[in-house]
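S.K.: Give me a 3D structure for the following:
(one chain, ligands or ions: 1)
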Amino acid sequence: MFLLKSIYIWQNTKMICNLDLSILKHNLKKDWEKYLKQHGVKFPQDGQRLNGILCLYENLGTPLSQDEMIEWFQKRNLPEYDRQIRHIADDGWYIIGGNTRATRYKVSLDLSYAQICLKTIKEPNPLWSAGNLKRKNFLEAGDWEDILEIFKDRGCAVCGLHFNNYDKGHLLNGAFDSYNKNNIVPMCSSCNNWGQMYNLEFKLDKNLRARPIIKKRNV
Ligand SMILES: [Zn+2]
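M.R.: Okay, here's the model as predicted:
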């Protein structure tokens with residue numbers, strides 16, 4: 001009876017489970033090397049995580065429910081699927097899902113709550129990439145001292161006056177830009193306050209002068 005029921009479910013799903021597992025793995029690795037490795041996306045060791053990716057990869061672009069993934073594992077006599085596939089987003093794999101509380105991968109309202117889809121193998125998870133870039137460029141210990149050294153002769157990047165201490169001024173205000181260490185320059189408190197009061201953005205010239213960017217007026 002149970003067997004009959006299982007076959008019934010399998011026949012009614014769009015989930016694909018045909019290719020030999022070693023061929024799937026070979027193809028995935030080839031695609032990963034071609035498109036994802038250079039971005040630092042991790043290729044998991046054999047086990048749950050890899051099996052989960054192979055399942056989504058065989059169904060690339062098609063959303064799968066957690067139950068369908070369980071079936072995929074069962075059909076292949078693999079150890080029971082642990083329902084944790086969403087964590088591959090943190091390794092850089094570009095999945096989308098229907099769970100509206102997700103923060104590490106993109107939410108698609110076309111998908112139901114329990115569905116996950118490997119969107120593409122040709123680019124990394126954009127939310128992961130943004131976070132990665134942010135971490136890479138975020139001011140680390142010693143960076144601020146390096147920046148002050150660069151501006152030793154210039155002083156405040158905006159007015160050029162010299163002080164004992166400077167604020168960490170931002171050239172651009174965008175949520176993303178402001179994390180980038182190339183966006184941080186020494187500003188005296190009054191220039192920094194002035195910039196913040198008028199929400200100014202600055203462009204740094206080759207003489208280390210931060211000049212306010214004149215925004216186009218709407219005509
Ligand atoms: Zn100043």
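S.K.: Could you report the pLDDT at residue 130?
M.R.: As predicted, residue 130 sits at a pLDDT of 74.
S.K.: now the protein, which segments are flagged as low pLDDT?
M.R.: For the chain, the stretches flagged by pLDDT under 70 are 1-13, 133-139, 141, 174-180, 215-219.
S.K.: Which strand or helix spans the residue nearest in space to the middle of the chain?
M.R.: The centroid of the chain falls nearest to residue 128 when counting by CA atoms, centre = their mean (1.4 Å). Using DSSP states H and E, residue 128 maps to helix 126-137.
S.K.: in the next helix or strand after that helix, what's buried?
M.R.: Next helix or strand after helix 126-137 toward the C-terminus (DSSP H and E): helix 143-150. Neighbour counts over helix 143-150 (16 or more other CB atoms under 10 Å) mark residue 147 as buried. Heads up, the C-betas are built off the backbone N, CA and C, glycines and all.
S.K.: helices or strands up against helix 143-150?
M.R.: strand 184-187 (3 or more CB pairs under 8 Å, 6 or more residues apart in numbering; DSSP states H and E).
S.K.: Off-centre distance for the helix or strand following the strand it packs on?
M.R.: Per DSSP H and E, strand 184-187 leads on to helix 189-197 as the next helix or strand towards the C-terminus. Put simply, helix 189-197 sits 32 Å off its chain's centre (CA atoms, centre = their mean, to the nearest Å).
S.K.: Could you do stretch 187-194 as well?
M.R.: 33 Å.
S.K.: could you check whether it is close to the ion?
M.R.: Yes: using CB under 5 Å from the ion, stretch 187-194 reaches the ion at 188, 191.
S.K.: Put the alpha carbons of that stretch into CSV.
M.R.: In CSV, the C-alpha atoms belonging to stretch 187-194 read as follows (Å, rounded to 0.1, in the frame of the first residue of the first chain):
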residue,chain,number,x,y,z
MET,A,187,37.1,64.8,7.4
CYS,A,188,37.2,67.4,10.1
SER,A,189,34.1,67.5,12.2
SER,A,190,32.7,70.7,10.7
CYS,A,191,33.1,69.4,7.1
ASN,A,192,31.7,66.1,8.0
ASN,A,193,28.7,67.7,9.8
TRP,A,194,28.2,70.0,6.8
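S.K.: List the contacts of that stretch.
M.R.: Under the criterion CB atoms under 8 Å, 6 or more residues apart in numbering, residues 155-159, 161, 163, 166-169, 195, 200, 210 lie in contact with stretch 187-194.
S.K.: What residues sit buried inside it?
M.R.: If you call a residue buried by 16+ other CB under 10 Å, then stretch 187-194 has these buried ones: 187-188, 191-192.
S.K.: biggest separation within these, which pair?
M.R.: Farthest apart among the buried residues of stretch 187-194 by CB to CB are 188 and 192. That separation is 6.8 Å.
S.K.: which strands and helices sit next to the strand or helix carrying residue 52?
M.R.: Residue 52 is located in helix 48-58, with elements delineated by DSSP H and E. Counting by 3+ CB pairs under 8 Å, 6+ apart, the packing neighbours recorded for helix 48-58 are helix 21-31, helix 66-75, strand 115-118.
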